[in-house]
Structures are given as structure tokens and as C-alpha cells.
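# Coordinates for the following, if possible.
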Amino acid sequence: MGKDGKAGGKGKGKQAGGGSDEASSKGKGKAGKAADGLGTCTYVKARHVLCEKQGKINEAYKKLQDGWLSNGDKVPPAEFAKIAAEYSECPSGKKGGDLGWFPRGKMAGPFQDVAFNTPVGVTSAPFKSTHGYHIILSEGRKN
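Okay, the predicted model is just below:
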């Protein structure tokens, strides 16, 4: 997964399931984000599901909703990994969608925006990039 140079995409910055909508209602600026690290960290640890077809990513997301998100729960990384292994068309799917730690600037466009603006432990809503449709689980952030 490299830079795709495109901005925009459905679900950008949108949180799914439990947690507040506080982060998604904030603007792009750094003001107000320092306390939770959103938008200010240098590295993010994430897992993702990548599908070429929107229908397939929606099916994976529905499994996450039915199991956890509709109850306001956070998806456990091990369970997200099972969904990634089953649905993801990215080579990382074999590793449960694990992308490890990556720095700001490595991923471009909507993928980076969503990864760096999704609170730790939260699963993003499906969104589109030039590589296909994604769901991200944020697992950590650091400077």
C-alpha cells in the first residue's frame, strides 16, 4: 500500500460504534486535538481490511457491527484479525490485517487521514481510496 495522492472518500474521520463523536466533529486544525493525540502523533499502529468491491467491505463491516459495534463495544484486535483474514484482499490479511507501526507520510490520502484521526481502539467506518475500500482498527499512536 503506497501513496495514492487522492484526498476525500466516504467515512473520512467518521467513527463507528461506541465512543463519542467528539473527534469526528472537530475541525482539521491541531487545536483541541493535543489531549487525545489525534492529528498530532507521528506514528500509528493499525490493522485494516481492504476489499476491491464495496459490497464485500460492507459485508465485513456488518460482521463487525453485529458482533460489537451495534452494542457500542470496541472490536478486540484478535476478532478484527479474524475478519481481516477472511475478507481482506491485501497481503496483510494473512497477518490479520496488521500493518504495524507506520509514520505520517507513508500512507497518503484518505487512508492516512482516517488512520491518524481514528482514536485508539476504535474501528473506522468503511471508506474508499485508490486501492479499494478499507476499514481500519487503530491500535496505538506515538510520537
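# I'd like the average pLDDT over the strand ranked longest in the chain.
Looking across the chain with DSSP state E, the single longest strand is strand 132-142. For strand 132-142, mean pLDDT rounds to 96.
# now for it, which elements pack on it?
strand 43-51, helix 54-67, helix 77-87, helix 109-117, strand 127-129 (3 or more Cβ pairs under 8 Å, 6 or more residues apart in numbering; DSSP states H and E). Any C-beta I mention is one placed from the backbone N, CA and C, and that applies to glycine too.
# With distance to residue 94 as added columns, please give the ones you listed in CSV.
Shown next, in CSV, are the helices and strands packed on strand 132-142 (distance: least, Cβ to Cβ, whole Å):
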stretch, distance to residue 94
strand 43-51, 12
helix 54-67, 16
helix 77-87, 7
helix 109-117, 19
strand 127-129, 20
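# Just send these back as CSV, with distance to residue 136 and mean neighbour count too.
Converted to CSV, the helices and strands packed on strand 132-142 look like this (distance: least, Cβ to Cβ, whole Å; neighbours: other Cβ atoms under 10 Å):
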stretch, distance to residue 136, mean neighbour count
strand 43-51, 5, 24
helix 54-67, 11, 16
helix 77-87, 10, 18
helix 109-117, 5, 23
strand 127-129, 8, 21
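# export the ones you listed to a markdown table and tack on distance to residue 95 and mean pLDDT?
Below are the helices and strands packed on strand 132-142 laid out as a markdown table (distance: least, Cβ to Cβ, whole Å; pLDDT from 0 to 100):
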| stretch | distance to residue 95 | mean pLDDT |
| --- | --- | --- |
| strand 43-51 | 9 | 97 |
| helix 54-67 | 16 | 96 |
| helix 77-87 | 8 | 97 |
| helix 109-117 | 17 | 94 |
| strand 127-129 | 20 | 96 |
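# Out of the ones you listed, which is closest to residue 102?
strand 43-51 (6.4 Å; Cβ to Cβ).
# so how far is that closest one off the chain centroid?
Chain-centre distance of strand 43-51: 6 Å, with Cα atoms, centre = their mean, to the nearest Å.
# cool, and stretch 135-143?
8 Å.
# now the longest strand of the chain against helix 77-87, angle please.
160 degrees (axes from the mean of the first three to the mean of the last three Cα atoms, to 10 degrees).
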